[in-house]
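*Asks:* Here is my input, please return the structure:
(one chain, ligands or ions: 1)
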Amino acid sequence: MSTSFRATLFSVVSCLLLAAVSPCLAQGGAPDQPSITVRGQTYTPRSILARNMGTAEDQTTAFPPHKIVGNVYYVGTRTLTSFLITTPQGHILINSTYERNVRTIEKSVTQLGFKFSDIRILLATHAHDDHQEGDALLKELTGAQVMVMQEDVAALQGLKPGGKAHPIDRVLHDGEEVTLGGTTLVAHLTPGHTHGATTWTMKAADGGRTYNVVFATSYRSPTTVSPDVENEFNRTFKFIRTLPCDVPLGDHAAQYNLNEKYARLKPGAPNPFVDPANCWAEAEIQEAMLRATIQLQQKAGRP
Ligand SMILES: [Zn+2]
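*Replies:* Predicted coordinates:
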């Protein structure tokens, strides 16, 4: 089998496997364009989706849980990230991912020596099933308060695994803070991928220094960009670059090169997750893709 045939087959098979993921269906059958090159790497809409999701196994297999910086830990799967922020008054979790991953996240939390039942607050990056489908089950198991951005509420109301209503205990607005046990997270509305897509920031203390941690949401544009969504992204891409950032993270592992960074995690070595030079690398890719997508649309005669 040739490499290119294998790649095509992989993309077709992963699209079928990902039938539950709406962006995949939306792109099914359409030509895989535009193609953009950023920092020497070429991307297409399908290559970005394949990079984000991996295989069905990647989506549900735990990545080795590990400390990122200070009180921030990784408890997600190989491609879908979940972050645990520990405090003396209980913990905060960002992204429950799919409902079928909740028990996997629980195992990772336990493996790190923390109690799953100590999760008090559940946050998220955006209202898609691969990041928030597990919210109801996670709340049922831990009693955590589910806090969501106002602009994502409507989308979340449609996210009902097994018919369970999506839990919402607090509705957040742009710039609001969530505080627990001395740690404060700030919710920044960074719409485009969804109307309520949220980028979270916090400060983490580690080894006598304080680091600005950025939990980025997805900035991936839809196949067809409406003027409203274009305006949302214009604001988002301008705004995020104003955030102080030392430790860039993302809601898919590939958005911050988790594999490559984890491989460099060694006692005594510099922390690979401290990577200010690449804070906006993912935004650069997604912004280039957005502009190229809009150009294609205009060529095709969008008003
Ligand atoms: Zn998404």
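*Asks:* The one residue in the stretch 51-200 of the chain that gets nearest to the ion and residue 146, how far apart?
*Replies:* Closest approach between the stretch 51-200 of the chain and the ion, counting by CB to the ion: residue 128, at 3.5 Å. C-beta coordinates here come from the backbone N, C-alpha and C atoms, glycine included. Plainly put, residue 128 is 16 Å away from residue 146 if you go by CB to CB, to the nearest Å.
*Asks:* Leaving out chain neighbours, which residue sits closest to the residue of the stretch 51-200 of the chain closest to the ion?
*Replies:* Once flanking residues are discounted, residue 128 sits nearest to residue 194: 6.7 Å by CB to CB, 6 or more residues apart in numbering.
*Asks:* Repeat that for residue 121.
*Replies:* residue 92 is the one closest to residue 121 (CB to CB, 6+ apart), at 4.5 Å.
*Asks:* next one: residue 160
*Replies:* Nearest non-adjacent residue to residue 160 (CB to CB, 6+ apart): residue 166, at 6.3 Å.
*Asks:* Check residue 96 too.
*Replies:* Per CB to CB, 6+ apart, closest to residue 96 is residue 134, 3.3 Å.
*Asks:* Same question for residue 257.
*Replies:* Using CB to CB, 6+ apart, the closest residue to residue 257 is residue 278 (7.5 Å).
*Asks:* quick one: contacts for the one you found?
*Replies:* 248, 256-257 (CB atoms under 8 Å, 6 or more residues apart in numbering).
*Asks:* ok, of these, which one's closest to the ion?
*Replies:* Using CB to the ion, the contacts of residue 278 come closest to the ion at residue 256, 15.9 Å.
*Asks:* gap between residue 180 and residue 116?
*Replies:* Counting by CB to CB - residue 180 and residue 116 are separated by 16 Å.
*Asks:* Tell me which of these two has more neighbours.
*Replies:* residue 116 (21 against 18; other CB atoms under 10 Å).
*Asks:* can you list the residues of the stretch 51-200 of the chain near the ion?
*Replies:* Listed as neighbours of the ion in the stretch 51-200 of the chain under the rule CB under 5 Å from the ion: residue 128.
*Asks:* give me the low-pLDDT residue ranges for the stretch 51-200 of the chain?
*Replies:* Nowhere does the stretch 51-200 of the chain drop to pLDDT under 70.
*Asks:* mind listing the helices for it?
*Replies:* Ranges of helices in the stretch 51-200 of the chain, per DSSP state H, counting those that start in this stretch, are 56-60, 102-111, 129-132, 135-142, 153-157.
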